[in-house]
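Trainee: Here is my input, please return the structure:
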Amino acid sequence: MSDVKRICPQCSNAFPLDARHCTHCGYDMDASLPAPQSSLPELVSKAAVPVLVGAASLAVSMGWKLIQGMLSQPARPKQQPIQVRPAEQIQPRSKMTVRITTSWAVGDSNGNWREGRSEQTIEFE
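Mentor: Predicted structure coming up:
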């Protein structure tokens with residue numbers, strides 16, 4: 001088995017491969033290596049700018065529409081107080097029925113299509 005050594009760039013003496021400092025002159029081998037740099041902050045900032053601009057644009061647009069809607073609405077008249085009827089005058093409510101119809105179609109990459117339809121009925125009293 002061969003004995004692998006490091007060569008110091010400052011004094012040219014050999015020292016053990018697992019040592020961080022040169023045993024002769026004390027040169028720090030790890031200090032001479034370039035520091036690893038991450039490109040993640042740069043990528044995040046590049047991606048965040050369009051998202052932030054879009055969100056700000058949406059907020060301004062929605063705020064503008066809200067202000068326009070508030071300015072265009074006429075003043076509301078005063079509402080009359082709610083009058084409560086005695087129990088004998090209250091008539092029973094009739095049933096209310098809601099029908100929900102759902103249609104769907106699904107296709108795959110081979111051109112096979114499946115379709116379906118369902119109906120549901122909900123009754124309220």
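
Trainee: for this structure, what spans make up the helices?
Mentor: 40-72 (DSSP state H).

Trainee: mind showing which ranges of it have poor pLDDT?
Mentor: 1-2, 32-45, 73-77, 84-93 (pLDDT under 70).

Trainee: redo that, cut-off 50
Mentor: 1 (pLDDT under 50).

Trainee: Report the central residue of it.
Mentor: The C-alpha lying nearest the average C-alpha coordinate of the chain belongs to residue 51 (CA atoms, centre = their mean; 10.5 Å).

Trainee: So that residue versus residue 10, what's the distance?
Mentor: 49 Å (CB to CB, to the nearest Å). For the C-beta atoms, the positions are set from N, CA and C on the backbone; glycine is no exception.

Trainee: now do residue 94
Mentor: From residue 94 across to residue 10, the span is 97 Å (CB to CB).

Trainee: More neighbours: which of these two?
Mentor: Neighbours were counted for residue 94 and for residue 10 using other CB atoms under 10 Å; residue 10 has more, 13 against 8.

Trainee: Find me whatever residue is spatially closest to that one, sequence neighbours aside.
Mentor: Closest residue in space to residue 10, ignoring its immediate chain neighbours: residue 27 at 4.3 Å, by CB to CB, 6 or more residues apart in numbering.

Trainee: for residue 29, same thing?
Mentor: residue 20 (5.9 Å).

Trainee: show me the residues around the one you found that make contact.
Mentor: By CB atoms under 8 Å, 6 or more residues apart in numbering, the residues touching residue 20 are 28-30.

Trainee: let's see 10 Å
Mentor: Counting by CB atoms under 10 Å, 6 or more residues apart in numbering, residue 20 makes contact with 6, 27-31.

Trainee: Just the buried residues of these.
Mentor: The neighbour count (16 or more other CB atoms under 10 Å) marks 6, 27, 29 as buried among the contacts of residue 20.

Trainee: What distance do you get for the last one to residue 100?
Mentor: Separation of residue 29 from residue 100 (CB to CB) stands at 73 Å.
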